[in-house]
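Student: based on what follows, work out the 3D shape:
(one chain, ligands or ions: 1)
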Amino acid sequence: MIFCRALGQGAFGEVYQGLYRHRAGDAVEMPVAVKTLPHLSTSQAETDFLMEALIMSKFKHPNIVHFIGVCFDQHPRFIVIELLAGGDLKTFLREARPKPDRAASLTMKDLLSCIVDVAKGCKYMEENRFIHRDIAARNCLLTTKGPGRVVKIADFGMARDIYRADYYRKGGKAMLPIKWMPPEAFLDGIFTTKTDVWSFGVLMWEVLSMGYMPYTGCANREVMQLVTNGGRLAPPTNCPPQLYAIMTQCWQPNPEERPGFGLILERLGYCMQDPDVKRAPLPVYTKPPSSERDTT
Ligand SMILES: C[C@@H](Oc1cc(-c2cccc(S(C)(=O)=O)c2)cnc1N)c1cc(F)ccc1N1NC=CN1
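Tutor: Prediction:
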């Protein structure tokens with residue numbers, strides 16, 4: 001295991017880019033991401049860290065990050081996963097926004113393809129009765145920024161990676177991604193696969209708004225109030241109504257009425273074939289960068 005450079009701060013500790021050789025003598029070195037656990041971690045943190053590795057090791061799916069291994073017999077303890085060189089989905093979308101001086105580099109088809117990739121990963125988790133609890137663009141990674149990119153769900157620890165502002169510290173307890181949670185989750189702590197369906201609807205909104213913070217400018221408490229009283233995210237600029245319809249189904253107040261990921265994939269399939277959807281222009285943001293307040 002060779003550590004090359006730091007990728008950023010993960011929930012537990014630093015995340016590094018590294019090179020992994022399956023056997024000492026192997027010529028082939030594989031680029032990997034390495035999540036480390038700081039030396040001075042509580043035993044609870046160690047358990048959570050190991051738990052996250054165990055969860056990832058169970059999954060085998062093209063839209064879920066590939067788990068390579070753990071090293072727990074020395075410090076720092078670390079988890080080795082495949083490196084997805086395109087970085088995270090939220091950053092990718094924000095960087096890809098059409099600018100006045102640069103034509104859109106993505107089409108509606110590209111955005112839909114990202115959404116479909118995540119839906120496939122979610123369907124696999126639903127089939128395995130695994131509740132992710134933190135489906136959001138920040139937790140998805142791309143194999144590459146270029147064409148042919150594949151999006152994978154890549155964080156299984158309610159990770160508080162690089163987007164700390166997205167989380168809400170409720171009564172000093174764990175930080176909760178309120179803006180991605182349904183009422184039954186933040187009010188009663190009920191988490192089912194239908195929790196992930198709600199979050200997936202918010203992820204669709206993030207993708208079609210090209211990386212905006214949901215409920216831009218609203219504090220988490222205001223969002224809890226709004227959503228409990230039936231308020232919902234408005235359609236992103238230029239969002240085709242067929243896609244907004246899927247989001248609103250994901251945000252049904254009654255969890256049972258939200259579609260499963262199989263049905264969501266079917267409906268997304270129709271949208272992919274609908275010429276009106278494929279032809280839809282991307283949102284053009286003319287806001288000067290200084291006033292870009294869509295990160296809080
Ligand atoms: C744990 C970490 O995993 C990875 C990050 C990057 C990765 C992340 C950012 C940029 C690049 S890069 C080399 O393409 O610029 C690669 C690439 N592959 C990974 N497997 C991660 C997974 C996520 F789902 C979301 C964020 C992160 N982190 N944690 C700390 C930084 N990102």
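
Student: mind listing what's buried along stretch 101-108?
Tutor: For stretch 101-108, the buried set under the neighbour-count rule, 16 or more other Cβ atoms under 10 Å, comprises 104, 106, 108. C-beta coordinates here come from the backbone N, C-alpha and C atoms, glycine included.

Student: the second one contacts Gly211, doesn't it?
Tutor: No: taking Cβ atoms under 8 Å as the contact criterion, Leu106 and Gly211 are not neighbours in contact, 11.3 Å apart.

Student: from the buried residues of stretch 101-108, which land in helices?
Tutor: Applying DSSP state H to these, the entries found in helices are Met108.

Student: as JSON lines, the buried residues of stretch 101-108 with pLDDT and distance to Thr193 would be great.
Tutor: Shown next, in JSON lines, are these (pLDDT from 0 to 100; distance: Cβ to Cβ, whole Å):
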{"residue": "Ala104", "pLDDT": "73", "distance to Thr193": "34"}
{"residue": "Leu106", "pLDDT": "93", "distance to Thr193": "30"}
{"residue": "Met108", "pLDDT": "95", "distance to Thr193": "28"}
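
Student: burial measure for the nearest residue to Lys145 once chain neighbours are set aside, as a count.
Tutor: Leaving aside its sequence neighbours, Lys145 sits nearest to Gly86 (Cβ to Cβ, 6 or more residues apart in numbering; 4.7 Å). Applying other Cβ atoms under 10 Å, we find 18 residues neighbouring Gly86.

Student: ditto for the one 5 residues further on
Tutor: Neighbourhood size, Thr91 [other Cβ under 10 Å]: 18.

Student: give me the nearest residue to it, chain neighbours excluded.
Tutor: Gly211 (7.5 Å).

Student: distance of that neighbour from Val65?
Tutor: Computed as Cβ to Cβ, to the nearest Å, the Gly211 to Val65 distance reads 20 Å.

Student: again with Ile131
Tutor: Ile131 is 17 Å from Val65, by Cβ to Cβ.

Student: more neighbours: those two, which one.
Tutor: Val65 (22 against 14).

Student: so the more buried one touches Thr143, yeah?
Tutor: No: with contact defined as Cβ under 8 Å, Val65 does not count as touching Thr143 (10.1 Å).

Student: find residues that contact each of these two.
Tutor: Shared contacts of Val65 and Thr143, defined by Cβ atoms under 8 Å, 6 or more residues apart in numbering, comprise 84, 152.

Student: got a pLDDT number for the residue nearest to Cys250 when sequence neighbours are not counted?
Tutor: Leaving aside its sequence neighbours, Cys250 sits nearest to Gly201 (Cβ to Cβ, 6+ apart; 2.8 Å). Note for Gly201: predicted pLDDT of 98.

Student: pLDDT weak spots in the chain?
Tutor: 157-174, 285-296 (pLDDT under 70).

Student: quick one, helices of it?
Tutor: 43-58, 89-95, 108-127, 183-188, 193-208, 220-228, 241-250, 261-273, 275-279.

Student: could you dump the third one to PDB, C-alpha only?
Tutor: Just to be clear, that refers to helix 108-127. What follows is helix 108-127, C-alpha atoms only, in PDB (Å, rounded to 0.1, in the frame of the first residue of the first chain):
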ATOM      1  CA  MET A 108     -30.200  16.500 -20.100                       C
ATOM      2  CA  LYS A 109     -29.300  13.000 -21.200                       C
ATOM      3  CA  ASP A 110     -26.100  13.100 -19.200                       C
ATOM      4  CA  LEU A 111     -28.000  14.300 -16.100                       C
ATOM      5  CA  LEU A 112     -30.600  11.500 -16.600                       C
ATOM      6  CA  SER A 113     -27.900   8.900 -16.900                       C
ATOM      7  CA  CYS A 114     -26.400  10.000 -13.600                       C
ATOM      8  CA  ILE A 115     -29.800   9.700 -12.000                       C
ATOM      9  CA  VAL A 116     -30.400   6.200 -13.500                       C
ATOM     10  CA  ASP A 117     -27.000   5.000 -12.200                       C
ATOM     11  CA  VAL A 118     -27.900   6.000  -8.700                       C
ATOM     12  CA  ALA A 119     -31.400   4.500  -9.000                       C
ATOM     13  CA  LYS A 120     -29.800   1.100 -10.000                       C
ATOM     14  CA  GLY A 121     -27.500   1.200  -7.000                       C
ATOM     15  CA  CYS A 122     -30.500   2.000  -4.800                       C
ATOM     16  CA  LYS A 123     -32.600  -0.800  -6.300                       C
ATOM     17  CA  TYR A 124     -29.800  -3.300  -5.500                       C
ATOM     18  CA  MET A 125     -29.700  -2.000  -1.900                       C
ATOM     19  CA  GLU A 126     -33.500  -2.300  -1.700                       C
ATOM     20  CA  GLU A 127     -33.300  -5.900  -2.900                       C
END
